[in-house]
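Visitor: I'd like to go over a predicted model; first the sequence, then the structure.
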Amino acid sequence: MDITDLRLIRLSSEVEQKSFTCVDADLNDFFVDDALNYTNQLLAVTYILETEIDTVAYFSLLNDKISIKDQGRSWRDRFNKKFPHRKRINNYPAVKIGRLAVSENYANCGMGSQILEFIKTLFTNNNRTGCRFITVDAYRAALPFYEKNGFKYLTDNDQNEDTRLMYYDLKKFIEA
C-alpha cells in the first residue's frame, strides 16, 4: 500500500476516529484516550492516515529543540561541525515525533518508512518555520526501524533506558 492512496486527516473534535489497533497497547491508548486532548491543549497535532473503512496509521508531531549545552564538550564539538561557525547556536529547532503507529493490519509493509519520508518532506518543502532536525524518543523495539531510516542517537547516556533519544538531520534529506 502506498501512502498516497490514503486520506490524511488532521485530528480534531469534528473528526470521527475509526477503530485502531497496533501491537503496542500504549500507542493504542494514546490514540483513543489522549490524542485529541493533546491537540486541544496545543501540545501536539495528530494526523491520521485512513482508507474508507479503517485507520491505517497515525502520527503526532510537536515542537522540540536540540540543546547542545546539555551535552558534553566532545559531543558539542562534533555536532557543531554540521554548521558554519557564524551559525552555531545553543539550541537548534526540531520537530518531535511524539507517536507513530501503524495498524496491525498494515504492519511490515513499509508504511512507517513512508510516513517518515512524508514528515521529512513536510518540514523541508514550504516549511513555515525553521526546522533542522526531527527528533523521537524511540521505544527500544523501534530502534532498528529508526536506524534504518537514517536516525542517529543523540547521546549514549540513555543506552539502558526504555526509550532512546534519536534525531534526523533534515539537511541530509534536502541534499540527497
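Guide: Perfect, thanks for sending it.

Visitor: for the spatially most central residue of the chain, give me its contacts.
Guide: In the chain, the C-alpha nearest the mean C-alpha coordinate belongs to residue 97, at 2.4 Å (C-alpha atoms, centre = their mean). Going by C-beta atoms under 8 Å, 6 or more residues apart in numbering, residue 97 touches 59, 60, 61, 119, 134, 135, 136. Placement of C-beta: from N, CA and C, glycine included.

Visitor: quick check, the fifth one in a strand?
Guide: Yes - secondary structure of residue 134 (DSSP: H, G, I helix; E, B strand; the rest coil): part of a strand.

Visitor: what is the neighbour count of the residue nearest to it when sequence neighbours are not counted?
Guide: Nearest residue to residue 134, sequence neighbours excluded (C-beta to C-beta, 6 or more residues apart in numbering): residue 168, at 4.4 Å. Per other C-beta atoms under 10 Å, the neighbour tally for residue 168 reads 24.

Visitor: next one: residue 150
Guide: Counted with other C-beta under 10 Å, residues neighbouring residue 150 total 16.

Visitor: okay, and it sits in which element?
Guide: Counting by DSSP states H and E, no helix or strand carries residue 150.

Visitor: what's near enough to touch the closest residue to it other than its chain neighbours?
Guide: Nearest non-adjacent residue to residue 150, counting by C-beta to C-beta, 6+ apart: residue 168, 5.6 Å away. Going by C-beta under 8 Å, 6+ apart, residue 168 touches 116, 120, 133, 134, 135, 149, 150, 151, 152.
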